[in-house]
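Engineer: One predicted model, sequence on top.
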Amino acid sequence: MQLDGLYQEIILDHWKHPRGRGLREPYGAESHQVNPTCGDEVTLRVALAGQTVADISYEGLGCSISQASASVLHELLTGRPLPEAIAVHAAFAELMGGRGQVEPDEKRLGDAVAFAGVALYPARIKCALLAWAAFRDAVARAGTVEAGGT
Amino acid sequence: MMDTLTAPSLDPATVRADFPILSRQVNGHPMVYLDSGNTSQKPQPVLDAVAEHYARHNANVSRSVHTVGTEATEAYEGARAKLARFIGAPGPDQVVFTKNSTEAINLVAYAFLAASVGGGDPRFRLGPGDQVVISEMEHHSNIVPWQLLCERTGATLRWFGITDDGRLDLSDLDTLVDERTKLVSYVHMSNILGTINPTEPVLARAREVGALVLLDCSQSVPHAPMDVTALGADFIAFTGHKMCGPTGIGALWGRGEVLAAMPPFLGGGSMIETVTMEKTTYAAPPTRFEAGTPPIAQAVGLGAAVDYLSGVDMRAVRAHEQQLTGYALDALQTVPDLRIFGPATTEARGGIISFALAGIHPHDVGQVLDGQGIEVRVGHHCARPVCARFGVASTTRASFYLYNTTAEVDALVRGLEQVRKVFG
């Protein structure tokens, strides 16, 4: 097994230098996700400006994969139109569930393609998906909150 | 458990030859299996006993008059007798087969629940004002059943704390265990800190107040001689797969008189005396607690496992692991930024070492070690309160057994250097 396939330079770089870390105001909704097998956790906030993802802020505790994944998510999705962000989420989830058989869509996934190797380690997929699950949940909540507010 | 001065010794090379899996490669390296606290590997005689049972003696037990059924019953009951001897029980009837330690502990918890709801022996009746005492050092399997029991009966759950050096804090023993305490249930050897806990003071106090005592021996029975008669507890729980046996088989040992006072757990075949449409009377222990077709081949395999361990000599197993633990404690202290959780010396300590590498998450430590063929466990080890006590979410854990060597400890230390390189 080549661990290089798992711990890509991009992942280690995001782990050492997380982008956009910290919880910020204002935000539309917050989601807290826990991986019960290891106790890792992430709290993630989404701020929407109409149909645009204005900010994604987060705090977390966990392994390099889970923390780098949150950083990549922030960098990749902040500023994007919401439908596009949701499509990227879907592509990332598909890549993680693909057991290495899914050809990553580099154009859509950007730095997140670095996680392609994680799909070969079933025990680590949950780590990579933790922040993304929080994002999806927060977006759903933000939608509800805003719908409720209008 | 502590006396290793006069102990016989074992030769790990000879022992290793009995375990086929130990010669495999993992990720291009010879496998270094340091996760026996999680589950142990199985020697050839255990593999053979299970295969032989299915190949030659397979039939259901306790209900057949035919030859094969009789052979299967004798093998199953023979395994119970072997297990009883292995733990120093006065007789096989005090050994109840369960599927694991978790089920053994739940069996006792449900006896309390049944007696509390349906009336029964007052020792098992719980209500508001009564107490169950556990410790902060427990595996979740010795926490959750008691939380559920207390929620359902209105009793109060209390617990011993842990000292900074990873020992059970018994300073409040006399106030914690009082006249309202019906049960004290705690771990004999911690699955995360390696601590071997004292029993005498707790048992003495429990006797004073009339409480029953259960010891979770999941990590002690596989690794050191056990004599339940000398120990003096009311119950011990342990599991087969951590002691060279198959998964799916464990045991509850209980004092004969106490087991006899307990209501049934699961209802069904085998556990009955007479059944009418209106009412059932129940078999005596241990059958009363073994409803349905039991894990027969697994029991036979566990019988072979205790034969194997007795052949090696449990005193030798304990001495070997204590020596190895001392070597590992010293070796790990040479790794920069490494913090060991639990006792710093081998005194009253078994072969489980949890540690943290500053700034590097256990998942990452375990992954890079696995890349070098080194199999350790990472996470909270089903003992989250212990992690919380020491201010971490998880740890990396190396655990040893009779087949581990100092060379494997050296491989672990080299592996940790590699981890530091990747994440440095």
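Structural biologist: Okay, I see it.
Engineer: and the spatially most central residue of chain A, what pLDDT?
Structural biologist: Most central in chain A under C-alpha atoms, centre = their mean is residue A:132, positioned 3.4 Å from the mean C-alpha point. Residue A:132 carries a pLDDT score of 97 in this model.
Engineer: tell me which strands and helices the longest helix along chain A is in contact with?
Structural biologist: As assigned by DSSP state H, the longest helix anywhere in chain A is helix A:122-149. Judged by 3 or more C-beta pairs under 8 Å, 6 or more residues apart in numbering or on different chains; DSSP states H and E, helix A:122-149 is in contact with strand A:29-35, strand A:40-49, strand A:52-61, helix A:64-77, helix A:82-96, helix B:362-371. The way it works is simple: take the backbone N, C-alpha and C, and place the C-beta from them, glycine included.
Engineer: Tabulate those in TSV, adding columns for mean pLDDT.
Structural biologist: Output for the helices and strands packed on helix A:122-149, formatted as TSV (pLDDT from 0 to 100):
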stretch	mean pLDDT
strand A:29-35	95
strand A:40-49	94
strand A:52-61	95
helix A:64-77	96
helix A:82-96	95
helix B:362-371	96
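Engineer: To residue B:261, which of these lies closest?
Structural biologist: Closest approach to residue B:261 among these (C-beta to C-beta): strand A:29-35, 41.6 Å.
Engineer: quick one, what contacts residue 23?
Structural biologist: Since you didn't name a chain, this refers to chain A. A:43, A:45, A:57-59 (C-beta atoms under 8 Å, 6 or more residues apart in numbering or on different chains).
Engineer: was after chain B, sorry
Structural biologist: B:16, B:30.
Engineer: now the one 3 residues further on
Structural biologist: Each residue near residue B:26 by C-beta under 8 Å, 6+ apart is listed here: B:370, B:373, B:375.
Engineer: so which of those residues also contact chain A?
Structural biologist: For chain A, the contacts drawn from the contacts of residue B:26 by C-beta under 8 Å from any C-beta of the partner chain are residue B:370.
Engineer: Count the residues that sit near the residue of chain A found nearest chain B.
Structural biologist: Here the residue of chain A nearest chain B is residue A:63; by C-beta to the nearest C-beta that distance is 3.6 Å. Residues within reach of residue A:63, counting by other C-beta atoms under 10 Å in any protein chain shown, total 27.
Engineer: Please report how far it lies from residue A:124.
Structural biologist: Computed as C-beta to C-beta, to the nearest Å, the residue A:63 to residue A:124 distance reads 8 Å.
Engineer: ditto for residue B:107
Structural biologist: Taken as C-beta to C-beta, the span from residue B:107 to residue A:124 is 36 Å.
Engineer: And for residue B:213?
Structural biologist: 41 Å.
Engineer: Please name the residues that touch the residue in the stretch 151-300 of chain B positioned nearest to chain A.
Structural biologist: Nearest residue of the stretch 151-300 of chain B to chain A (C-beta to the nearest C-beta) works out as residue B:192 at 12.7 Å. By C-beta under 8 Å, 6+ apart, the residues touching residue B:192 are B:137, B:341-342, B:352, B:354, B:381, B:383, B:386-387, B:395, B:397.
Engineer: Contacting chain A as well, which ones from the residues you listed?
Structural biologist: On the criterion C-beta under 8 Å from any C-beta, residue B:387 are the entries of those that sit beside chain A.
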